[in-house]
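Chemist: Fold the following, please.
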Amino acid sequence: MQPAWVTDARVVVVAGKGGVGSSTVSAALALVAARDGADVLLISVDGRPGIGPLLGGAPLDREDRVLRIVPAGKGSGRIRGRTIPPQQAFADYLELKGVGGVLRKAAAAASLDSIAAATPGLEHLLVLGKIKELERERAADLIVVDAPPAGHAASFLRSASALQAVVANGPVRVQADEVAAMLADRNRCQALLVTLAEETPVNEVIELAYDIEEALGLSLAPLVVNSCWPDRDGLLSTVTAASKSQGVKLSAANKAALDASADFGRSRLEGQRRQLARLADELALPRIVLPRLPTADFGAAELEIMADALAVPVTVQR
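Modeler: Numbering: from 1, shown residues only. This is a model prediction of the structure:
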């Protein structure tokens, strides 16, 4: 059973610093909702093709394709996936406005680069505008948006408000107003922020959380702290004490190696605890801690584990 926050809004934008695992969290979130029978559309803004195979389907492209059918109670859910290139979003916008097919293709191919160069934020707005149209059409029970990395996520999400500030009227202003309205409506859209329990990712996720919540009024889902090391009480013992308790004699070389390994483990756990404490102090959000999955080839089995951890009930950390 999925937690209630998963479907609090029809669109969930997943964002985090590059390398924190926001794309795999997006895929796991889609799996959590599909397990409960939802029809989920997963959109990769930056076009990361690997999400499709991770979910058992083809690499993502601009076509809407079924990636996986998920058994769910008496029925089944499904996960579809696609990308939204700005050029396609522009062409779709022209079609929505009634521009004919041949002219639309020519305009989309020739005009977007020059228009976007003169209008910063337009490409992001076009992509968000397409997502807004999909949400308005009820194209899926849940739309999961794998946003650009945190350095670009703020500008991606703030494109509508930025254009509202400089465009007084016309179709761009209308699109900006409609996107801003979707982002500010907690029943339509929420952001799921992802971080690691490390200093730089935590710095960025705190900044991003305040930025998008205060500037955009965008509702925040539980904070996801990915790839956390498990607590190991045995690290509190010295290697000498541990070996004696087990009746094991260690050579000097083995003792030195185990001492170094234990020091490393203690250091990682101490750093992780400090960052988790910072997050609790800075962000009064429910928190989901996902386990570290030490594998060189993250695949379907690991995704299932991540989805299981993502589906647990959450409470505000104090």
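
Chemist: low-confidence ranges in the protein?
Modeler: Low-confidence segments of the chain, defined by pLDDT under 70: 74, 91-120, 150-151, 234-237, 315-318.

Chemist: Select the longest helix from it.
Modeler: Longest helix in the chain by number of residues (criterion: DSSP state H): helix 252-282.

Chemist: Any buried residues in that one, and which?
Modeler: Under the neighbour-count criterion of 16 or more other CB atoms under 10 Å, helix 252-282 has Leu258, Ala262, Leu269, Gln272, Gln275, Leu276, Leu279 buried. No exception for glycine: its C-beta is placed from N, CA and C like everyone else's.

Chemist: In contact with the residue nearest to the last one when sequence neighbours are not counted, which residues?
Modeler: Going back to what we said before, that points to Leu279. Counting by CB to CB, 6 or more residues apart in numbering, Leu279 lies nearest to Val202, which is 6.2 Å off, once chain neighbours are set aside. Val202 makes contact with Thr195, Leu196, Gln275, Arg278, Leu279, according to CB atoms under 8 Å, 6 or more residues apart in numbering.

Chemist: what do you get for Leu125?
Modeler: Contacts of Leu125 were listed using CB under 8 Å, 6+ apart, and they are Ser159, Ala160, Leu163, Val172, Gln175, Ala176, Val179.

Chemist: circling back to that earlier point, so which of the buried residues of helix 252-282 comes closest to Gly56?
Modeler: The shortest approach to Gly56 among these belongs to Gln272, at 32.1 Å (CB to CB).

Chemist: Surely the closest one and Pro230 touch.
Modeler: No: Gln272 lies out of contact with Pro230 (CB atoms under 8 Å); the separation is 10.0 Å.

Chemist: count of residues packed around Leu293?
Modeler: Residues lying near Leu293 (other CB atoms under 10 Å) number 16.

Chemist: you'd agree it is in a strand?
Modeler: No: assessed by DSSP: H, G, I helix; E, B strand; the rest coil, Leu293 does not belong to a strand; its assignment is coil.

Chemist: Quick check, it in contact with Met306.
Modeler: Yes: contact criterion CB under 8 Å: Leu293 and Met306 qualify, at 7.2 Å.

Chemist: partner residues bridging Leu41?
Modeler: Beta-bridge pairing for Leu41 (DSSP bridges): Arg80, Ile143.

Chemist: can I assume it is in contact with Asp146?
Modeler: No: counting by CB under 8 Å, Leu41 stays clear of Asp146, with 11.4 Å between them.

Chemist: Which of those two has more residues huddled nearby?
Modeler: More neighbours surround Asp146 than the other of Leu41 and Asp146, with 27 against 23 (other CB under 10 Å).

Chemist: picking that back up, so of the buried residues of helix 252-282, which two are at opposite extremes in space?
Modeler: By the measure CB to CB, Leu258 and Leu279 form the most distant pair in these, at 31.7 Å.

Chemist: Could I get the contacting residues of Ala147?
Modeler: Val13, Val14, Ala15, Ser22, Val45, Ala153, Phe156, Leu157.

Chemist: Could you pull out the strands in this protein for me?
Modeler: Along the chain, counting by DSSP state E, strands occupy 11-16, 39-44, 65-72, 75-83, 142-146, 189-196, 219-220, 223-228, 287-291.

Chemist: Dump those into TSV; add distance to Tyr210 as well.
Modeler: Below are these laid out as TSV (distance: least, CB to CB, whole Å):
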stretch	distance to Tyr210
strand 11-16	13
strand 39-44	25
strand 65-72	34
strand 75-83	29
strand 142-146	20
strand 189-196	11
strand 219-220	10
strand 223-228	13
strand 287-291	16
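
Chemist: of the buried residues of helix 252-282, closest to Ala209?
Modeler: Using CB to CB, Leu279 comes nearest to Ala209 of these, at 9.6 Å.

Chemist: follow-up on the earlier one: most widely separated two among the contacts of Val202?
Modeler: So, the contacts of Val202 by CB to CB: farthest apart are Leu196 and Arg278, at 12.4 Å.

Chemist: Ala30 against Ile79, yeah?
Modeler: Yes: Ala30 lies in contact with Ile79 (CB under 8 Å); the separation is 4.8 Å.

Chemist: and the closest residue to Ile43 other than its chain neighbours, how far is that from Gly16?
Modeler: Residue nearest to Ile43 in three dimensions, not counting chain neighbours: Val145, with 5.0 Å by CB to CB, 6+ apart. Computed as CB to CB, to the nearest Å, the Val145 to Gly16 distance reads 13 Å.

Chemist: For Val127, which residues are in contact?
Modeler: When contacts are counted by CB under 8 Å, 6+ apart, Val127 touches Val45, Ile84, Pro86, Ala89, Phe156.

Chemist: Could you list which of these belong to helices?
Modeler: Among the contacts of Val127, the members falling in helices are Pro86, Ala89, Phe156 (criterion: DSSP H).
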